[in-house]
Each structure stands twice: as structure tokens, then as C-alpha cells.
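1. Pasting the sequence and the predicted coordinates here, then a few questions.
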Amino acid sequence: MSTVTDAIPWGYLGAAVVVLLLGVGVGLVGLWQLLVALAGGTTLLALLQTALPYLVALVVLALVEVVVVVAALVTVAREVSLDDIDSERLRSLVDRAQRRLPV
């Protein structure tokens with residue numbers, strides 16, 4: 001029988017950290033570009049054209065982050081049995097989820 005710490009998908013969690021860092025980097029670069037455009041005295045349309053690629057990239061990275069985190073949670077839920085969970089409240093939550101969403 002495995003424990004909860006044995007079931008942690010380290011690859012998924014590592015990917016989640018990498019995607020999060022990429023998102024922070026894209027956000028900072030986008031903010032820098034927006035500040036540079038504001039300092040240049042550009043129009044609102046030019047500001048939107050500057051910010052739009054970074055916003056799209058942030059949305060895509062956020063979706064990837066959600067998928068990776070859900071995949072990690074699903075992997076843990078599949079590998080951990082109800083006997084390994086110490087909390088009665090968490091055990092009942094996992095039991096209800098397993099009954100509603102059979103894997």
C-alpha cells in the first residue's frame with residue numbers, strides 16, 4: 001500500500017512550477033512593454049496592440065496551469081486508497097467524488 005507522499009506526481013508539480021514561472025515572466029515583460037508604450041505617449045489603440053499578445057499568452061499559460069494541476073490531482077486521487085487518508089472529512093469527500101465520478 002502506498003502512502004500519500006509516494007503518490008505525489010513530481011513531474012506534474014514540476015511542470016506546474018515551470019508554467020507558473022513562465023507566466024510571471026510573460027506578465028513582467030508585458031507590463032514592461034506597456035509602461036514603455038505609456039511613456040512614449042502612444043494612443044489607446046497602440047497600447048491595446050502592445051498588451052494583447054501578452055494577455056493571450058497569459059491566458060494560454062493559465063489554461064495549461066489548470067490542466068497540469070488537475071492532472072496532478074487526478075493522479076493522486078487514483079493512486080491513493082481511502083485507507084491512506086487520515087482526515088475523516090477528506091476521506092468522505094474523496095469517497096463522494098469516487099462515487100459520482102467513477103474512474
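-> That came through fine.
2. spatially speaking, which residue is in the middle of this protein?
-> Glu65 (2.7 Å; Cα atoms, centre = their mean).
3. Which SSE is immediately downstream of the strand or helix carrying that residue?
-> Taking DSSP states H and E as the criterion, Glu65 maps to helix 44-79. Using DSSP H and E, the next helix or strand after helix 44-79 towards the C-terminus is helix 88-100.
4. chain center to that next one: distance?
-> Relative to its parent chain, helix 88-100 has a centroid offset of 23 Å by Cα atoms, centre = their mean, to the nearest Å.
5. What residues of that helix count as buried?
-> Buried residues in helix 88-100, counted by 16 or more other Cβ atoms under 10 Å: Val94. Bear in mind the C-beta positions are built from the backbone N, C-alpha and C, glycine included.
6. packing partners for it?
-> helix 44-79 (3 or more Cβ pairs under 8 Å, 6 or more residues apart in numbering; DSSP states H and E).
7. could you give the angle of the helix it packs on to helix 88-100?
-> Counting by axes from the mean of the first three to the mean of the last three Cα atoms, to 10 degrees, helix 44-79 lies at 90 degrees to helix 88-100.
8. In contact with the residue of the chain most remote from its centre, which residues?
-> Distance from the C-alpha centroid of the chain, by Cα atoms, centre = their mean, peaks at Gly41 (35.5 Å). Residues counted as contacts of Gly41 (Cβ atoms under 8 Å, 6 or more residues apart in numbering): none.
9. Just the pLDDT at it, thanks.
-> pLDDT for Gly41: 85.
10. Show me which helix or strand of the protein is least confident by mean pLDDT.
-> Sorting the helices and strands of the chain by mean pLDDT, DSSP states H and E puts helix 88-100 at the bottom, at a mean of 77.
11. Convert the C-alpha atoms of that one to CSV, please.
-> Below are the C-alpha coordinates for helix 88-100, written out as CSV (Å, rounded to 0.1, in the frame of the first residue of the first chain):
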residue,chain,number,x,y,z
GLU,A,88,-12.3,11.7,8.1
ARG,A,89,-13.6,14.8,6.3
LEU,A,90,-11.2,14.4,3.4
ARG,A,91,-12.0,10.7,3.3
SER,A,92,-15.7,11.3,2.9
LEU,A,93,-15.0,14.0,0.2
VAL,A,94,-12.9,11.6,-1.8
ASP,A,95,-15.5,8.8,-1.3
ARG,A,96,-18.3,11.0,-2.7
ALA,A,97,-16.1,12.1,-5.6
GLN,A,98,-15.3,8.5,-6.4
ARG,A,99,-19.0,7.5,-6.3
ARG,A,100,-20.0,10.4,-8.6
